[in-house]
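>>> What follows is a predicted structure for the sequence shown.
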Amino acid sequence: MAEERGLATEAAGATAPMAKLLRADAGRVLDRWVELVAGNVRGRITERELRAELAELFDLLVRALDDADGAERGELRAALAEISRGRARQGFSPTETAVGVFALKQAVLEAIEADGAGYAGFVPFSAFVDDLGLVTFETYAAEREQVIVDQAEQLLELSTPVVKLWDGILGVPLVGTLDSARTQVVMESLLQMLVDTGSEFAVIDITGVPAVDTEVAQHLLKTVMAARLMGTDCVISGIRPQIAQTIVGLGIEFGDIVTKATLADALAYTLRRRGVRIEDGD
Amino acid sequence: MDRVPILKIGAVLLVSIQIDLEDQTVLALQEDLADRITRTGARGVIIDITAVDVVDSFIGRMFATIAAMSRLMDAETVVVGMRPAVAITLVELGLSLGGVRTALDLEKGMRLLGVAVPGADGR
Amino acid sequence: MTPDTTGGEITIASNDDVVRVRQLVRTAAAAAGLSLVDQTKIVTAASELARNTLIHGGGGSARVESAARAGRRPGVRITFTDDGPGIPDVDQALTEGWTSGGGLGLGLPGARRLVDEFELRTEPGAGTTVTVTKWPR
C-alpha cells in the first residue's frame, strides 16, 4: 500500500533538518496552516477544534520527521487516519480532506521564504507530506465505503418490519424484491419477535413481492419450519400466481404449510385458531 | 458427569436443562425419565430448553426418543423455549423433530398438556 | 490452560471434550463477530464433527483458528483430525440419511450445510481430516 511504502522507506535523515526548522518556527507555521485550512472548511468545524487538531498533528509530524525507528510515524499515520475518518463521516469532500494536509507545504514554504533559509530540505519534506496526503485519501475512501455498507444494512432493517396484527399474532408485510440476505434477516427478526412478544402466530404476507427464486422460497419454507419447532404457527399469505407457478415448477415441497390468498384470510384463520370469534357487524 | 434434575408438578414431570449437555448426560436423562414416568404415573413431560444454546443431532434425537418412549407409557412430551437460532440451525441440519410437540414457553407448554396455570390469562 | 479467544487446540478423547470443543468454538465465533445464528450453526457443526472424531475416528483433535481472506473480515476455521480407520466411501458418508451405525446419518452432510466451506480428506487406514470455515456476514 502506498502509505506503507512511502512512510516506511523515507529516510529519516533526509527530513531531520526540516524538523529543526519547523521547531524553530512552530508558532508561525502552525498559525498559517490553521488559517489556510480554515478557509477551506469554513463553518463546518470551529477554528478552536481545528487548531487543536492541527496542533496535535503538527507535534506528531515534527517528531516523525526526525524519527529513525518509525514508531512516531505510525502514531502520526494513526492520528491522521482518525481525522480523515471523522471528515468522511461529517460529509467533507476528499479534496477538502487532503488539502488539509497539503496546505502545510504552503505554510512551510512561506516560512522558508521569509527566513531566507535554503530549499534543500524541502524536497524530501514535500514527498513526506504527499505520502501523508495519500494516507488521508485512502482512509477517507475506506470510511465512505463503510458508510455505504452501514446504510445498506439500515435500509435492510427498515424494509423488513414485523408488526403486531392482534394480541398473539404478528405480521410481516414483505414488499419488493426478496433476496437471500433480506429473507434471512426477516426470518431471524420474526422468530425473535415471536419469543419477545410471546406470540404464537405469525403471518408472512408476500402480496408485495413480484417474484421469488428457489433460494428465497427455501428460506420462507425454513422460517415456517423453524417457527414450528419453537411451538408457533406461521401462515404465508398473498402468493401471486407467478410465484405459485415458480414454487410448483421448482418442485419445492410446501407440504402441510398453511397458505392463504390474502392477508385478511390469513388473519381470520389465525384469529380462529386463537379462539377469537368474529361476528359480522351488519 | 452432571445429572439433569427432574421435578414433579402434579401429573407433569418438568426437566429444565441448564447445563451444556454431554452425551452421557443425555443418555442418563432418558433412563431417569423413563424410570420416573413409571414410578409416578405422570401424564406429561415438559423439557424446557430456554437456556440451551446448542442442539445438535444427538440432543435432538433425545427429544424424539423421550417423546416416543413416554407416549408408550401414556404420557405426552412437550419441548418448550427453543431459541430462534437453535430452531434455524436444526432446520438447516435437517432435523424435523417429527412427533415432538413444542411450545413457546413453559406456561404455554403446561396449557398444551391441559394443566391449569394459576395466574395466567387463560389464553 | 485457557486458550485465547480466537483459537486453540483441544484433544478429543471423551464426551466432555466434545463439550469443550463447543465452548471454544462459541468463544472464537463470538470474537470473530459472527451473528448469533451463525455462531449457533458453526458450534452445532463442530459438535457433530467432534462426535464423529470421537466415535468413528477413535479420538483425535480439534484446532480452532482465525481464517483470513483478502479484503474481508476474518472468519472461524476448525480442523478435526483423527488417526482412525478413515472413510472408505466418501460419497456415501456425505449422503443424506446414510449412517455407519446408530446415528441419524445427519453428521457429515448436516455439518456441511451449516458452514460456508467444507473440506474432507480421508484415506482408508490413514485417518480423516475435516476442515470447516464460517465467514462473518
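Yep, it's here. Numbers count the residues shown, from 1 in each chain, chains lettered A, B, ... in the order given.
>>> Residue ranges in the stretch 151-282 of chain A under the pLDDT threshold?
A:156-159, A:281-282 (pLDDT under 70).
>>> now the helices for chain A?
Under the criterion DSSP state H, helices of chain A are mapped to A:2-9, A:12-24, A:26-40, A:47-65, A:71-90, A:94-115, A:122-158, A:180-197, A:214-229, A:241-249, A:263-273.
>>> check which helix or strand covers the residue nearest the centre of chain C.
Residue closest to the average C-alpha location in chain C (CA atoms, centre = their mean): residue C:46, at 3.8 Å. Following DSSP states H and E, one finds residue C:46 within helix C:36-55.
>>> Give the buried residues for the next helix or strand after that helix.
Counting by DSSP H and E, the element after helix C:36-55 in chain order, helix or strand, is strand C:60-67. Within strand C:60-67, the residues scored as buried using 16 or more other CB atoms under 10 Å in any protein chain shown are C:60-62, C:64-65, C:67. In this view, the C-beta of every residue, glycine as well, is placed from N, C-alpha and C.
>>> what's the helix or strand following strand C:60-67 in contact with?
Later in the chain than strand C:60-67, the nearest helix or strand by DSSP H and E is strand C:75-82. Contacting residues not belonging to strand C:75-82 are listed as C:12, C:25, C:28-29, C:32, C:34, C:42, C:46, C:49-50, C:52-53, C:56-67, C:69, C:116, C:127-136 [CB atoms under 8 Å, 6 or more residues apart in numbering or on different chains].
>>> send the alpha carbons of the helix or strand that strand C:75-82 is followed by over as PDB?
Toward the C-terminus, strand C:75-82 is succeeded by helix C:90-93 as the next helix or strand (DSSP H and E). In PDB, the C-alpha atoms belonging to helix C:90-93 read as follows (Å, rounded to 0.1, in the frame of the first residue of the first chain):
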ATOM      1  CA  VAL C  90     -16.700 -40.500   1.000                       C
ATOM      2  CA  ASP C  91     -19.700 -40.000  -1.300                       C
ATOM      3  CA  GLN C  92     -21.700 -42.400   0.700                       C
ATOM      4  CA  ALA C  93     -20.700 -40.700   4.000                       C
END
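>>> and helix C:90-93, how far from the chain's centre?
17 Å (CA atoms, centre = their mean, to the nearest Å).
>>> and that helix, which residues are buried?
residue C:93.
>>> Over to stretch B:78-96?
B:78-95.
>>> got it, and stretch B:52-72?
B:52-67, B:69-70.
>>> quick one: is that stretch near chain C?
Yes. Stretch B:52-72 comes into contact with chain C (CB under 8 Å from any CB of the partner chain), by way of B:53-58, B:61.
>>> Residue B:102: which of the helices of chain A is closest?
Among the helices of chain A, the nearest to residue B:102 by CB to CB is helix A:214-229 (5.8 Å).
>>> which one of the buried residues of strand C:60-67 sits closest to chain A?
Set against chain A, the nearest of these by CB to the nearest CB is residue C:67 (20.6 Å).
>>> Excluding chain neighbours, what is closest to the closest one?
Nearest residue to residue C:67, sequence neighbours excluded (CB to CB, 6 or more residues apart in numbering or on different chains): residue C:77, at 3.8 Å.
>>> how many other residues sit next to the one you found?
23 (other CB atoms under 10 Å in any protein chain shown).
>>> same thing with residue A:38?
18.
>>> From residue A:18, how far out is the closest residue to residue A:79 other than its chain neighbours?
Among residues not flanking residue A:79 along the chain, residue A:60 sits closest, at 5.6 Å (CB to CB, 6+ apart). According to CB to CB, to the nearest Å, residue A:60 stands 15 Å off from residue A:18.
>>> higher neighbour count, these two?
Neighbours were counted for residue A:60 and for residue A:18 using other CB under 10 Å; residue A:18 has more, 24 against 19.
>>> Hmm, that one is touching residue A:122, no?
Yes. The criterion here is CB atoms under 8 Å, and residue A:18 meets it with residue A:122 at 7.2 Å.
>>> Identify the contacts common to these two.
residue A:108.
>>> element containing the spatially closest residue to the residue nearest to the centre of chain C that is not a sequence neighbour?
Ranked by CB to CB, 6+ apart and with sequence neighbours excluded, the top spatial neighbour of residue C:46 is residue C:25, at 4.3 Å. Assigned by DSSP H and E, residue C:25 falls within helix C:15-31.
>>> Determine the set of other helices and strands touching that helix.
helix B:23-40, strand C:8-12, helix C:36-55, strand C:60-67, strand C:75-82 (3 or more CB pairs under 8 Å, 6 or more residues apart in numbering or on different chains; DSSP states H and E).
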